[in-house]
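Peer 1: for reference, the sequence and a predicted model appear below.
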Amino acid sequence: MRDNDDTALLAAAVREAYERAAPVEIIAGGTRREFGRAPTGTPLSVARHAGIVAYDPSEFVVTVRAGTPITELEELLSQEGQVLTVDVPRFGAASTIGGAVAVGLTGPGRPYTGALRDAVLGARIVSGTGEVVRFGGQVLKNVAGFDVSRLMVGAYGTLGLLLDVSVRTARRPEAEEIVRLDRDWPTARVALRGWDSALPLTGACYAGGVLHVRLAGLAARVAEAHRIMGGEIGDAAVFTDLRDLRGAFFDRPGDLWRLMVPPESPWDPEDTVIDWAGAQRFWRVAGDATVVYELAARLRGQAMRLFGGDRSVGPWAIPPPATMALMTRVKAALDPRGILNRGRLYPAW
C-alpha cells in the first residue's frame with residue numbers, strides 16, 4: 001500500500017485559495033464525481049494522500065488517509081481477519097475512503113450493521129481557511145457541540161477537505177450465504193419481519209419477483225437460518241452490484257433516485273429495486289424532481305437524487321429555513337468564503 005502524507009501541500013493549496021477567494025473542487029479517485037450538483041472551482045486532487053496512519057487490530061479501529069483506495073484498505077484488513085463494519089460502496093478500483101465518506105452512502109447491510117456515519121470515529125480535515133483540524137481533539141469554537149467528524153459524512157466535501165478518517169473494523173464472518181426466494185413483495189415483507197431479529201441477516205433486497213437474502217456469521221447459524229427460510233442458493237453478485245449501484249437497472253441513462261421510507265410503505269411505482277428490507281427504494285424516474293420529493297413526503301420519508309440526467313438538481317431537497325440557517329452557520333464556521341466544492345450540495349454552497 002502507498003504511504004504518502006500530503007497534508008502540508010493540501011493545506012497550503014486551500015490556504016492560497018482562501019486568500020484569493022477562489023473555489024476548489026476536491027477530487028481523488030473521481031469515481032463519485034457525477035454525484036451531486038456540478039461544483040465550480042479548480043480541481044484539487046487528494047489522490048496522492050494515501051496510506052495507513054494507525055492500525056492496531058486488537059482495537060478494531062483503523063485510521064487511514066482519504067486518498068487510500070477502498071480495495072487496498074480491505075486487503076490490509078483481510079490479512080488480519082477483519083473487515084469494515086459497514087458496506088462501503090465503491091465505483092471502481094480507484095474509489096477512495098475519502099470519497100465514500102464525502103458522499104456518505106451505505107450499502108445493503110445498513111439495517112443490520114449500521115450506517116457509514118456510525119462507523120466514523122474521528123477525522124482530520126483542512127478547513128476552508130487552510131487550517132488543519134483534528135476532531136475531536138482540537139475543536140473550532142464556532143462548531144463546538146457538533147460531532148464534526150460525522151458531519152463530514154454526506155457533506156460532499158463542502159465542509160472540509162478530508163485528510164484522515166478513523167473507522168471501526170470487525171472480525172470477518174465465519175460464513176456467508178445468499179438465499180434466493182420467489183415471492184411477491186407483500187409476502188416477502190411479512191417473512192422478513194419474522195426473520196429480522198431471529199436470523200443472522202446482513203442484507204435483504206427485492207427485484208423482479210425475487211427476494212434475495214444475505215446471511216453471515218457463524219457457519220452453524222448460517223446453515224440453520226437457510227434451513228428455516230428455505231429457498232435456493234443465490235448469487236453473491238446481487239449484493240455487490242447493489243452496493244456499488246451497477247448492473248442492468250443502475251447502468252441505464254437518466255435520473256436514479258433513492259427513497260428512504262418506513263419498510264411497510266406501500267409501493268406502486270414500477271422500475272424499482274427494494275433494499276434494506278423495504279426501507280430503501282431505488283427508483284428510475286425522469287422529469288420534475290418535485291414529484292419525487294412529494295412522494296417521499298407522503299410516505300413519511302426522504303428522497304435523494306443519486307446521479308444521471310440534470311445535475312442542476314442537487315442530491316437533497318432544500319431543507320426548511322430554520323434547518324438551512326443552522327447548516328449555513330456550520331458551513332460559515334468551517335468554510336467562511338465558501339470555496340470548498342462550491343455549489344455541489346446546494347446552490348448557495
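Peer 2: Okay, I see it.

Peer 1: convert stretch 229-236 to CSV, retaining C-alpha atoms only.
Peer 2: Extracted C-alpha coordinates of stretch 229-236, given in CSV (Å, rounded to 0.1, in the frame of the first residue of the first chain):
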residue,chain,number,x,y,z
MET,A,229,-36.0,-19.9,5.3
GLY,A,230,-35.9,-22.5,2.5
GLY,A,231,-35.1,-21.2,-0.9
GLU,A,232,-32.1,-21.8,-3.2
ILE,A,233,-28.5,-20.7,-3.0
GLY,A,234,-28.3,-17.3,-4.7
ASP,A,235,-25.6,-15.2,-6.3
ALA,A,236,-23.4,-13.0,-4.1
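
Peer 1: neighbours of the residue lying closest to Leu116 once chain neighbours are set aside, just the number please.
Peer 2: Among residues not flanking Leu116 along the chain, Thr106 sits closest, at 4.6 Å (Cβ to Cβ, 6 or more residues apart in numbering). (Each C-beta comes from the backbone N, C-alpha and C, glycine too.) If you count neighbours by other Cβ atoms under 10 Å, Thr106 ends up with 24.

Peer 1: tell me if Thr106 really is in a helix.
Peer 2: No: checked against DSSP: H, G, I helix; E, B strand; the rest coil, Thr106 lies outside a helix; its state is coil.

Peer 1: for it, what are its contacts?
Peer 2: Val86, Asp87, Val88, Pro89, Gly114, Ala115, Leu116, Arg117 (Cβ atoms under 8 Å, 6 or more residues apart in numbering).

Peer 1: what about these, which are in strands?
Peer 2: Among the contacts of Thr106, no member is found in strands (DSSP state E).

Peer 1: can you pick out the most distant pair from these?
Peer 2: Greatest spatial distance among the contacts of Thr106 (Cβ to Cβ): Pro89 and Gly114, at 14.6 Å.

Peer 1: these two: which has the busier surroundings?
Peer 2: Between Pro89 and Gly114, counted using other Cβ under 10 Å, the more crowded position is Pro89 (24 against 15).

Peer 1: how far off centre is the helix or strand of the chain with the lowest mean pLDDT?
Peer 2: Every helix and strand in the chain was compared by mean pLDDT, DSSP states H and E; the lowest is helix 148-151, with a mean of 87. Centroid displacement of helix 148-151 relative to its chain, using Cα atoms, centre = their mean, to the nearest Å, is 14 Å.

Peer 1: the helix or strand following it packs against which elements?
Peer 2: Using DSSP states H and E, the next helix or strand after helix 148-151 towards the C-terminus is strand 161-171. Where contact means 3 or more Cβ pairs under 8 Å, 6 or more residues apart in numbering; DSSP states H and E, strand 161-171 is packed against helix 7-20, strand 61-65, strand 82-84, helix 97-103, strand 120-126.

Peer 1: most neighbours per residue, which of the ones you listed?
Peer 2: helix 97-103 (a mean of 27; mean count of other Cβ atoms under 10 Å).
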